[in-house]
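[1] only geometry, no sequence info:
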């Protein structure tokens, strides 16, 4: 276990402070493993601080029903927004926190490898945060016209390269290695003097994959994987241009992806 990192606590609206403190206290009392992610983790690892309006609580898929049941037994309202990746715990009509157990596009679920890392003190509570490797995984597919988390990925690599488990990152992104390669090329472009922050063996491996792929014929099944980045930005591809869909979005989908 790493030392407790610098406190990245933000100043929430006064009426939300008690809710955040109470939520973290109850999460710890539950004994159910959880991680604090989002802006808090980014601030802890990079020093970049920006306003945030909620808590992103990550847990394994098998644990999210237990968290909801724990809070429901204590008078909170719970809501399974999308059983593929997100639920919510509500104190009242204004205050809630997200319970996230997978990426919104279904590519990656929270797993044991995400736990056992760094801790921070937030609103008086010492809690575990998503480690750098998992933080990159949680942001790799956030790419649409309203939100792009590539800068967060770059900053985590810049500040935490030594703490990233590069082989685990490649393993978990194996099916989506082109997405990983694109992020690493963006990093190389943004920070040409810091290229060695990414292991040479990884860039060589990805370059060899690309070279082998270039020699292959195009796939026979016409799909649009852009929907893994943004279902709304690639809707014409599915509805008008004849591409197969890889992401199903129901009629009750109301919120943007949160990571």
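    It's in. Since this is a predicted model, take the numbers as computed values, not measurements. Numbering: from 1, shown residues only.

[2] Now stretch 231-249: buried residues?
    Within stretch 231-249, the residues scored as buried using 16 or more other Cβ atoms under 10 Å are 231, 234, 237-238, 243, 245-247. To be clear about C-beta, it is placed using only N, CA and C from the backbone, and glycine gets the same treatment.

[3] of all these, which two lie farthest apart?
    Using Cβ to Cβ, those span at most 12.7 Å, a distance reached by 231 and 243.

[4] rewinding a little: now flag whichever of the buried residues of stretch 231-249 is closest to residue 35.
    residue 247 (24.5 Å).

[5] For that closest one, what is the enclosing helix or strand?
    Under the criterion DSSP states H and E, no helix or strand holds residue 247.

[6] list the contacts for the residue nearest to it when sequence neighbours are not counted?
    Nearest non-adjacent residue to residue 247, counting by Cβ to Cβ, 6 or more residues apart in numbering: residue 227, 4.1 Å away. Going by Cβ atoms under 8 Å, 6 or more residues apart in numbering, residue 227 touches 105, 234, 237-238, 245-247.

[7] And the contacts of the helix ranked longest in the chain?
    As assigned by DSSP state H, the longest helix anywhere in the chain is helix 14-30. Residues outside helix 14-30 that contact it (Cβ under 8 Å, 6+ apart) are 12, 34, 36, 55, 57, 66-67, 70-71, 74, 89, 91, 94-95, 97, 122-125, 127.

[8] Going through those residues, which ones are buried?
    Listed as buried from the contacts of helix 14-30 are 12, 34, 36, 55, 57, 67, 70-71, 89, 91, 95, 97, 122-123, 125, 127; burial here means 16+ other Cβ under 10 Å.

[9] how about those residues, which pair is most distant?
    12 and 70 (22.7 Å).

[10] how near is the most centrally placed residue in the chain to residue 240?
    When Cα atoms, centre = their mean is applied to the chain, the residue found nearest the centroid is residue 138 (2.1 Å). Between residue 138 and residue 240 the computed distance is 31 Å (Cβ to Cβ, to the nearest Å).
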